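Participant: pasting the structure only:
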């Protein structure tokens, strides 16, 4: 799967974005460069926020821990959140390239709480 990702990535970056595009009547990379100068995309203040924004979404009930992928996640902040959601499913975000940490949405404050896997030795860098 890693090799396929690499091939697709190279094709998009090296071939597609550098070849003339009929619909754009230009090369996509040049259109992108021109467009971001005129309309710079808003970026989050730090890389961690970007990781949350790009995270995959799942919904899980908040108990003593949260179970996803057969792994359990928990921290002290989760106990407070559990009182707020009262048995409802919470929105979870995760990076499939590293499932040692998930982010749980706190609907009261509108933020995501980082919640580590309980077995960090096993999950660190696990995809």
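Facilitator: It's in. Since the structure is predicted, the reported quantities are computational estimates derived from the model, not experimental observations.
Participant: packing partners for the strand ranked longest in the chain?
Facilitator: When the chain is scanned for its longest strand (criterion: DSSP state E), the result is strand 98-106. Here strand 98-106 touches strand 66-68, strand 71-73, helix 76-85, strand 89-95, strand 111-116, helix 120-123, going by 3 or more CB pairs under 8 Å, 6 or more residues apart in numbering; DSSP states H and E. Backbone N, C-alpha and C define where each C-beta goes, glycine included.
Participant: of all these, which lies closest to residue 4?
Facilitator: Closest to residue 4 of the helices and strands packed on strand 98-106 is strand 89-95 (CB to CB; 18.6 Å).
Participant: give me the residues contacting the closest one.
Facilitator: When contacts are defined by CB atoms under 8 Å, 6 or more residues apart in numbering, strand 89-95 is touched by residues 51-52, 54-62, 66, 68, 81, 101-105, 107, 112.
Participant: buried ones in it, by neighbour count?
Facilitator: 90, 92-95 (16 or more other CB atoms under 10 Å).
Participant: so which of those is the closest to residue 25?
Facilitator: Closest approach to residue 25 among the buried residues of strand 89-95 (CB to CB): residue 95, at 36.8 Å.
Participant: quickly list what the closest one is bridged to.
Facilitator: Assessed by DSSP bridges, residue 95 has beta-bridge partners residue 98.
Participant: spatially nearest residue to the most centrally placed residue in the chain (excluding sequence neighbours)?
Facilitator: By CA atoms, centre = their mean, the chain has its centre lying nearest to residue 55, at 1.5 Å. Computed as CB to CB, 6 or more residues apart in numbering, the closest residue to residue 55 that is not its neighbour in sequence is residue 93, at 3.3 Å.
Participant: what distance do you get for the one you found to residue 37?
Facilitator: To residue 37, residue 93 is 31 Å away according to CB to CB, to the nearest Å.
Participant: sounds good, over and out.
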